[in-house]
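>>> Turn this into a structure:
(2 chains)
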Amino acid sequence: MTGTSLFPPGLILVVGALLLPFLHGTLRKSLLLLLPLAALWMVWRVPDGAALTLPFLDYTLTPVEGTRLGRLFATIFAIMAFAGGLFAMNQSRVVELTAAFVYAGSAMGVALAGDLITMFVFWEVMALGSTIVLWSAGTGAAYRASMRYVLMHLFGGVVLMIGVIWQVKATGSVAFVPMKPETWATWLILAGFLINAGAPPLSAWLPDAYPEASPAGMVFLSAFTTKTAVFVLIRGFPGAEVLILFGLYMVFYGIIYALLENDMRRILAYSIVNQVGFMVTGIGIGTEMALNGAAAHAFTHIIYKALLLMSAGSVLYMTGKRKCSDLGGLFQSMPLTCICGVIGALAISSFPLTSGFISKSMIAQGAADQHLALVWYMLAAASAGVFLHAGIKFPWFVFFQKDSGLRPPDPPLNMRLAMVLFAALCIGLGVLPGPLYAILPFPPVNYVPYTVEHVLHMLQLLLFSGLAFFICLPLMKRTETISLDFDWFYRRLFATLCHRLSDHSARLHGRFMTRTERRLQRFIAGVFRHHGPEGVLARTWPTGSTVLWVAVLLALYMALFFL
Amino acid sequence: MSPTRIHWLRRRATIRKLWMVGCIVLALLVLAQALIEVKGHFGLDGTFGFNAWYGFATCVAMVVFAKGLGVFLKRKDTYYDRD
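Sure, this is the predicted structure:
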């Protein structure tokens, strides 16, 4: 083992997390806050290039490699682990906290991995950690969702593993370099990445699983899996045009399904797919502007989506309710949660002076620079749609609309502090984008978000989208329903087919057994008839008849001899 | 519940005022384009009030499309409970 960094920063979280069950009280809380800060400090000490190498079989692994892109993602993962730990420290079970930090640490491991094998190992640890986070909610629904989740991610992992092995065999190198989806190996790697990104046709795993996690669990889950997928797509497939199609589909899929949804956390889950769609589109466009936009949007999205889910998680924690049809009017008793939720909603909608404004618009600028008119118009429509489904719908139905009569107070101090921290970051990055632009993967960033024309463009688009929301409100009356998705195939159709196949084979098996038993009984009866106590072959023969038969046989023998 | 106990943000008079203020803001936003030159990237997006009608129309279209799709896709939220 050689290099300037002998310990991958992500492993600080992974190893530290394993100590959490053995600590209690202040010590555990202190460790929860210190571990992400220590990991963050380590990330910024990793120099450019291979910082740690390790021989493995005939290859040289690079468990830690310093790149601008990796550092950006590892930074936001560490910040997320800090805020998530603060939000969860008094409410979550220790198993959930441990799993969440293993999950966060392995996401950092992916961000700093310099080769395909290291990336794959951390990728699979993430699947394990996130499944335990989900399962830790302790409900039957969460357990069943975690089983479907882990099966989907193991499937994605197998697809990715086959692709990686094939690629390593074909190229003779484990290096994680930009690829093109032109061979079976690279297509499989791309498919493995896209499954984690929530791309079609398997997008349904995300809204199926995440909302079943605990209030804090979903905050962690929203941050790492899909964003590491964005990271590996930026690193592995920049400019792969097929990603534009995937991204645009995801953008509108998220909006349409969120509009139909009644569960506040499922609305936000669909909105994750929608936002990742913007990033995937940017990666498909592939210019430095678009890639910077995708990376910046991943950074800001982690913060405002976590803020939205902290707000929704606080409502769930204080009321035990998550359906929009059961909520409403909470702004009166949960003012801080409401304000933080509204700030998150404005940021996801890319309102001026919020973080989404300075990141998402770079992707649209990338499309404009490449003269991709259709893509630009679709992204503009989708930006309006984001305000519709998440920017207004979530706060309106949860905190305003009708008065549900519920009067819960704001959540405990640690949860409030975590929300305030991320709300401040949403506004801080929106007002002062410079520090974020300075660490984007392709410097220098010559993008000026605050022009009068751009601000007017966004305000017109968003506020008229708001008008459409209130005019169409009668069409969006909440119903206690879900919407069928691709998961219907494996949750209902395949399950029904398997049950029918099982019933049919059970019937065939029963018929076969009945026939076999009947034949066996017939055979036993035959044997019994001949060999039983009354059977011909079981009788004792008199000595006289035996002598007679011997004499007959001897006579025959003599006759034959003389002939 | 007497009107005095209703939160001020929920009172009919406040909601009416909010609508009025909202409409004035929307009108000003469109009129502002008369003073601010919007070049746009592709021609159409630089025309007067484009973002206003485009944002409104696409959102109405998405709501109507979602409503139509809901006819085929919506099920009771207990649909998968027997899994």
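>>> Tell me which stretches of the chain form strands.
Defaulting to chain A. A:2-3, A:49-56, A:59-66, A:481-483 (DSSP state E).
>>> Oops, wrong one, chain B.
Going by DSSP E, chain B shows strands at B:74-76.
>>> quick revisit: now for the strands of chain A, which one comes closest to chain B?
Among the strands of chain A, the nearest to chain B by Cβ to the nearest Cβ is strand A:481-483 (4.3 Å). For glycine as for every other residue, the C-beta is placed from the backbone atoms N, C-alpha and C.
>>> biggest helix in chain A by residues?
The residue-count maximum for a helix in chain A (DSSP state H) belongs to helix A:494-531.
>>> Any chance you could list what contacts stretch B:74-81?
A:260, A:262-263, A:323, A:479-484, A:491-492 (Cβ atoms under 8 Å, 6 or more residues apart in numbering or on different chains).
>>> Check the offset of it from the chain's centre.
Computed by Cα atoms, centre = their mean, to the nearest Å, the chain-centroid distance of stretch B:74-81 equals 29 Å.
>>> quick check: mean pLDDT across it?
The average pLDDT for stretch B:74-81 rounds to 90.
>>> who's in contact with residue A:373?
B:41-42.
>>> And it, what's its pLDDT?
For residue A:373, the predicted pLDDT is 96.
>>> which ones are touching residue A:304?
By Cβ under 8 Å, 6+ apart, the neighbours of residue A:304 are A:343-344, A:347-348, A:354-356, A:422, A:426.
>>> Apply 6 Å and report the result again.
A:344, A:347-348, A:426 (Cβ atoms under 6 Å, 6 or more residues apart in numbering or on different chains).
>>> re earlier: redo the strands of chain A as a markdown table? Include mean pLDDT and mean neighbour count.
What follows is the strands of chain A, written out as a markdown table (pLDDT from 0 to 100; neighbours: other Cβ atoms under 10 Å in any protein chain shown):
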| stretch | mean pLDDT | mean neighbour count |
| --- | --- | --- |
| strand A:2-3 | 55 | 14 |
| strand A:49-56 | 90 | 16 |
| strand A:59-66 | 94 | 22 |
| strand A:481-483 | 91 | 22 |
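>>> Need the pLDDT of the closest residue to residue A:87 other than its chain neighbours.
Nearest-residue entry for residue A:87: residue A:418, 3.6 Å, with adjacent residues in sequence omitted and distances by Cβ to Cβ, 6 or more residues apart in numbering or on different chains. We have a pLDDT of 97 for residue A:418.
>>> my guess is residue A:418 meets residue A:84, correct?
No: if you go by Cβ atoms under 6 Å, residue A:418 and residue A:84 don't touch, sitting 7.5 Å apart.
>>> who's more crowded, those two?
Of the pair residue A:418 and residue A:84, residue A:84 is the one with more neighbours under other Cβ atoms under 10 Å in any protein chain shown, namely 31 against 27.
>>> and the lengthiest helix in chain B, what other elements does it pack with?
Across chain B, the longest stretch assigned as helix under DSSP H is helix B:50-73. Packing partners of helix B:50-73 (3 or more Cβ pairs under 6 Å, 6 or more residues apart in numbering or on different chains; DSSP states H and E): helix A:242-260, helix A:373-386, helix A:452-471.
>>> hang on, the earlier thing: any idea which of the contacts of stretch B:74-81 has the most stuff around it?
Busiest of the contacts of stretch B:74-81 [other Cβ under 10 Å] is residue A:483, holding 25 neighbours.
>>> contacting residues for that residue?
Contacts of residue A:483 by Cβ under 6 Å, 6+ apart are A:257, A:260, B:73-74.
>>> Please report how far it lies from residue A:532.
70 Å (Cβ to Cβ, to the nearest Å).
>>> any low-confidence regions in chain B?
B:1-4, B:82-83 (pLDDT under 70).
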